[in-house]
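> Sequence first, then the predicted structure, then my questions.
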Amino acid sequence: MSPPPRTDRPDGERGLLASLLRTLLATALVLSIVLAGVLLATPALDVTWTPDGFEEPRLPVDLGGPPADENASVDDDGAAVDSDGSTYEAESGPIRSETVERLVEAEVDDRRAEHGLDPLEHDGTVAAVSRAHSVDMAEREYFSHTNPDGEDPMDRFAAVASYCRAYGENIAMTWIDRDVRGDDGEISNHGTAEELAAGLVDGWMDSPPHREAILTERWDRGGVGVYLTDDGRAFATHNFCGLW
């Protein structure tokens, strides 16, 4: 009868296996530390915000102070103009864009206050840039932060002023006197200026990136621009400005 096979290993072989095991464990520990560092990394706050995420700051060259005329408006060429806004004849009565703009800004300030944030100072120039973008989206029939000319929110602001060191934008399009379904599945009908303003802000707050823009602490001022079309569409743009 032959002897049973040996199950023990020579000392040298056991030492080699132990050394390999220690090396593998050390490598795994290093990888886990590196992975943890990657997972814990967060975007810097000193950035220009867009709803698509964070981008590197794009600073205007000549940084000045806010304009003295807080009610300034601008045309497509950047010239200051007076604007009476737009009006839609709703079933409940006329809805004026200026009324909706004021209500949206007040609603946004209320939402910020609920989270311990300061209200945003109204900026007439920023509001005029916002309104011009809303008008442009309606007239050229697109819906985007970047217009057909390739200009993004900071490009549009930098064409008329240069005092905002950080800039952000929320946009929305909805209907007046029509049933609309929100992202949460609920159906609403915006028949008054108050309902329209609340619906616009609710839509932004229900979207994480737009909510983040509204609740960003670094904004100092902002402006809302609304354009109401004859067929009952409401285009809204809210631009945010950080002075530091």
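Now that the structure is in, tell me what you want to look at. Quick caveat, the model's predicted, so the values are computed rather than measured.
> Now do the buried residues in stretch 207-223.
Buried residues in stretch 207-223, counted by 16 or more other Cβ atoms under 10 Å: 207, 210, 212-216, 218-223. C-betas here are computed from N, CA, C, even on glycine.
> Next: stretch 159-174.
159-161, 163-174.
> from these, which is closest to Ser134?
Of all the buried residues of stretch 159-174, Ile171 has the smallest distance to Ser134: 7.7 Å, by Cβ to Cβ.
> Could you check which helix or strand contains the closest one?
Ile171 belongs to strand 166-175 when assigned by DSSP states H and E.
> Can I get that strand in CSV, CA atoms only?
Extracted as CSV, the C-alpha positions of strand 166-175 are listed here (Å, rounded to 0.1, in the frame of the first residue of the first chain):
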residue,chain,number,x,y,z
ALA,A,166,-20.4,84.1,-11.4
TYR,A,167,-23.6,83.6,-13.4
GLY,A,168,-26.4,81.1,-13.5
GLU,A,169,-29.6,80.6,-15.3
ASN,A,170,-32.9,78.7,-15.0
ILE,A,171,-35.3,78.5,-17.9
ALA,A,172,-38.9,77.2,-18.3
MET,A,173,-41.8,77.1,-20.8
THR,A,174,-45.4,76.3,-19.8
TRP,A,175,-48.9,77.2,-20.9
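> Give the pairing partners of that strand; include direction for each.
According to DSSP bridges, strand 166-175 has the following sheet partners: strand 233-242 (antiparallel).
> tell me the average confidence for the strand it pairs with?
Strand 233-242 shows a mean pLDDT of 96.
> repeat for stretch 143-163
Mean per-residue pLDDT for stretch 143-163: 95.
> Begin at 450, not 1, for the rest of this chat.
Yes, from this point I'll number from 450; that puts the last item at stretch 592-612.
> Just the buried residues of that stretch, please?
Buried-residue list, stretch 592-612, by 16+ other Cβ under 10 Å: 594, 596, 600-603, 605-610, 612.
> how about the residues you listed, which pair is most distant?
Checking the buried residues of stretch 592-612 with Cβ to Cβ, the most distant pair is Asn596 and Tyr612, at 22.1 Å.
> after the helix or strand encompassing Tyr537, next one along is what?
Assigned by DSSP H and E, Tyr537 belongs to strand 536-539. Going down the chain from strand 536-539, the next helix or strand is strand 542-545, by DSSP H and E.
> Give me the contacts around that following strand.
Identification of contacts with strand 542-545 by Cβ atoms under 8 Å, 6 or more residues apart in numbering yields Gly534, Ser535, Thr536, Tyr537, Ile625, Thr641, Ala642, Leu645, Leu677.
> As CSV, could you dump the C-alpha coordinates of that strand?
Extracted C-alpha coordinates of strand 542-545, given in CSV (Å, rounded to 0.1, in the frame of the first residue of the first chain):
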residue,chain,number,x,y,z
GLY,A,542,-58.4,88.5,-17.3
PRO,A,543,-55.1,90.0,-18.7
ILE,A,544,-51.8,88.6,-17.4
ARG,A,545,-48.9,90.9,-17.7
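> In its sheet, which strands sit next to that strand, and in what direction?
Applying DSSP bridges to the sheet, strand 542-545 is found paired with strand 536-539 (antiparallel).
> Could you list the buried residues of the partner strand?
Tyr537, Ala539.
> Alpha carbons of that strand, in PDB - could you do that?
What follows is strand 536-539, C-alpha atoms only, in PDB (Å, rounded to 0.1, in the frame of the first residue of the first chain):
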ATOM      1  CA  THR A 536     -49.700  90.500 -22.000                       C
ATOM      2  CA  TYR A 537     -51.900  87.500 -22.500                       C
ATOM      3  CA  GLU A 538     -55.700  87.700 -22.300                       C
ATOM      4  CA  ALA A 539     -56.500  84.800 -20.000                       C
END
